[in-house]
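Visitor: sequence and predicted structure are below.
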Amino acid sequence: MEEQLEELFPFLRDPKQEVRKLAVEHVLSFSTSQQFIPVFEKSKKTVVRDLKKLLTDAPLVAHDALKSLINLSLNAPILTELRDESYLITLVTLTVVPTSVLADLACMALSNATKGSEIAAMLVKGRKKGGKTTSHVAALVDVFVKGEGKKYNLKAEFNFLANVFANVTVTSEGRALFLAEPPTQQGTETPVPLLADLAPFVEHPDIIRRGGVISTIKNCLFDISSHPSLLSPSGPYNLIPRLLLPLAGPEDLSEDPQSLDLPPELQLLEPTKAREPDPVLRRMLVECLLLLATTREGRDVMRGCATYLVIREAHMVETVEAVSEEMEKVVDFLMRDEEDEGDGGRGKGAQD
């Protein structure tokens, strides 16, 4: 079978479309099996080059070529052949065009590609054309927000873009881009930072979308200088209620005096209110709170929002030890003695 696969590769560039279509169908079926990955690795330069060219072919051919590239990009040596700007631009174009039938597949391909720092850096850098720089990331955030529930493209939901944003914000440049205050244009609404556009999706029904957004928020929280803006109730984020709401349950807390301090978003919750069901995401939400608790200002804001009350109730019903341990760390921060004011506002014993 390995020899048959190698003999198949040249047909990807056959002048007849029906031959290319048949060839890429077979390549796609082989790309799903680890048994044949060494064959792809051996011819990776030509195979990847030919598959990328097929992305502009007839829709069915392009579909199978893109699915093949998604499968193959899970292999690190083959991924190196995908780290070029032309491939990135093709994927971004396939994502943002409203009539694209390959938009969701392009999102998946971007998710895999941006695991490599080079493509992530290219995405952050954007594209210079005619003396102006076009932001790829801003365009992707725009369709991610507008396209939820197939409102932008009837063939796409764009959920996998959340993983792209998470990959990009692993880098300091990516975090800076998502946290940057965009310029205000006269006669238009005041724009908000890219991260503020994503924050409302922390409770989205789709686990890929909300998980990628939570991961993006966590990455951005490593920029300590951004915490005051992220914490401000009057700012574009008001992040504490966003993080606490998925951790809150249906308990009636009205008899607890601290409940008066709960943000409006966490008061009078429905009896059917459910907590985040995925333990990995629950832990990530708590880790976000831990990062905010590394500054005195963060701890004070969290205390003022009755964060302890929400964490206490969540801890009582938590069944995963790793999540419980992270909750206990948050409580330790909130219950600490803040007498030492001589540490630049970070508080005694704050973690780095």
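Guide: Structure received. Numbering: from 1, shown residues only.
Visitor: what about this structure, any weak spots by pLDDT?
Guide: Along the chain, the parts satisfying pLDDT under 70 run over 129-133, 184-190, 339-352.
Visitor: all strands for it, in order.
Guide: 127-129, 132-134 (DSSP state E).
Visitor: just how off-centre is stretch 118-137 within its chain?
Guide: Distance of stretch 118-137 from the chain centroid (C-alpha atoms, centre = their mean, to the nearest Å) equals 18 Å.
Visitor: all helices of the stretch 51-200 of the chain, in order?
Guide: 59-72, 76-79, 85-96, 103-113, 117-125, 136-146, 161-168, 172-179, 194-198 (DSSP state H, counting those that start in this stretch).
Visitor: tell me which of these is the most buried.
Guide: helix 161-168 (a mean of 26; mean count of other C-beta atoms under 10 Å). Using the backbone N, CA and C atoms, a C-beta is placed for each residue, glycine as well.
Visitor: and that one, what does it pack onto?
Guide: Applying 3 or more C-beta pairs under 8 Å, 6 or more residues apart in numbering; DSSP states H and E, one finds that helix 161-168 makes contact with helix 103-113, helix 117-125, helix 136-146, helix 172-179, helix 207-220.
Visitor: give me the angle between it and helix 172-179.
Guide: Interaxial angle of helix 161-168 relative to helix 172-179 (axes from the mean of the first three to the mean of the last three C-alpha atoms, to 10 degrees): 130 degrees.
Visitor: could you give the angle of helix 161-168 to helix 85-96?
Guide: Compare the direction of helix 161-168 with that of helix 85-96 by the same axes, to 10 degrees and you get 150 degrees.
Visitor: residue 42 is nearest to which of the helices of the stretch 51-200 of the chain?
Guide: The minimum distance between residue 42 and the helices of the stretch 51-200 of the chain falls on helix 76-79, with 10.1 Å, by C-beta to C-beta.
Visitor: burial count for residue 272?
Guide: For residue 272, the neighbour count with other C-beta atoms under 10 Å is 6.
Visitor: what sits against it?
Guide: residue 250 (C-beta atoms under 8 Å, 6 or more residues apart in numbering).
Visitor: how close does it get to residue 300?
Guide: Here residue 272 is placed at a distance of 33 Å from residue 300 (C-beta to C-beta, to the nearest Å).
Visitor: and what of residue 318?
Guide: Where residue 300 is concerned, residue 318 sits at a distance of 25 Å (C-beta to C-beta).
Visitor: I'm done for today, thanks for sticking with me.
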